[in-house]
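# here is a sequence with its predicted model. Questions after.
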Amino acid sequence: MWHCPAQNGNGDANLASLEMVTPNSFDNNYFRNLIQPKGLLQSDQVLFSGGSTDTIVKDYSKSPKTFRSDFASAMVKMGDIEPLTGSAGVIRKFCNFID
């Protein structure tokens, strides 16, 4: 059985930048990379692959202001999510299946 997080302490500190142009900046280069197409992960690149999210990627790549504004709004919405607690919530003992 796999436990999460890893209990042996090996590998938990491995980090990789997901945006190579300005990895330490909060900007819209992530979306510019997708258009080139230079998304680091396939799961990211699929956001710009002829589907319904192409317009969003294009908009964010052209307008840092729009990206920052939409990001801020999304963070506020996420902050309003109330997690399930007590008997209504579930803490998984094993992350790879529902207990």
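Happy to help now that I have it. Only a predicted model underlies this, so the values are computations on that prediction, with no experimental measurement involved.
# if I look at the residue in the chain sticking out farthest from the centre, how far off is residue 97?
What lies farthest from the middle of the chain is residue 87; by C-alpha atoms, centre = their mean that is 29.0 Å. Noted for residue 87: a distance of 21 Å to residue 97, by C-beta to C-beta, to the nearest Å. (Glycine included, C-beta is placed from N, CA and C.)
# got phi/psi on the residue sitting nearest the centre point of the chain?
In the chain, the residue lying closest to the centroid (C-alpha atoms, centre = their mean) is residue 44, at 8.7 Å. The phi/psi pair for residue 44 (degrees, to the nearest 10) reads phi -80, psi -50.
# same check on residue 80?
When read as degrees, to the nearest 10, the backbone of residue 80 gives phi -90, psi -10.
# which helix in this structure has the most residues?
The longest helix of the chain (DSSP state H) is helix 64-79.
# picking up where we left off before, helix/strand/coil for the residue farthest from the centre of the chain?
Taking DSSP: H, G, I helix; E, B strand; the rest coil as the rule, one finds residue 87 in the helix state.
# so how far is residue 98 from it?
From residue 87 to residue 98 the distance is 16 Å (C-beta to C-beta).
# low-confidence regions, this protein specifically.
Residue ranges of the chain with pLDDT under 70: 1-14, 99.
# give me that answer again for 80
For the chain, the stretches with pLDDT under 80 are 1-16, 90-93, 95-99.
# tell me how far the residue nearest to the centre of the chain lies from residue 87.
The gap separating residue 44 from residue 87 is 37 Å, by C-beta to C-beta.
# also residue 79?
24 Å.
# neighbours of residue 72, how many?
10 (other C-beta atoms under 10 Å).
# can you check residue 60 too?
When neighbours are counted by other C-beta under 10 Å, residue 60 registers 21.
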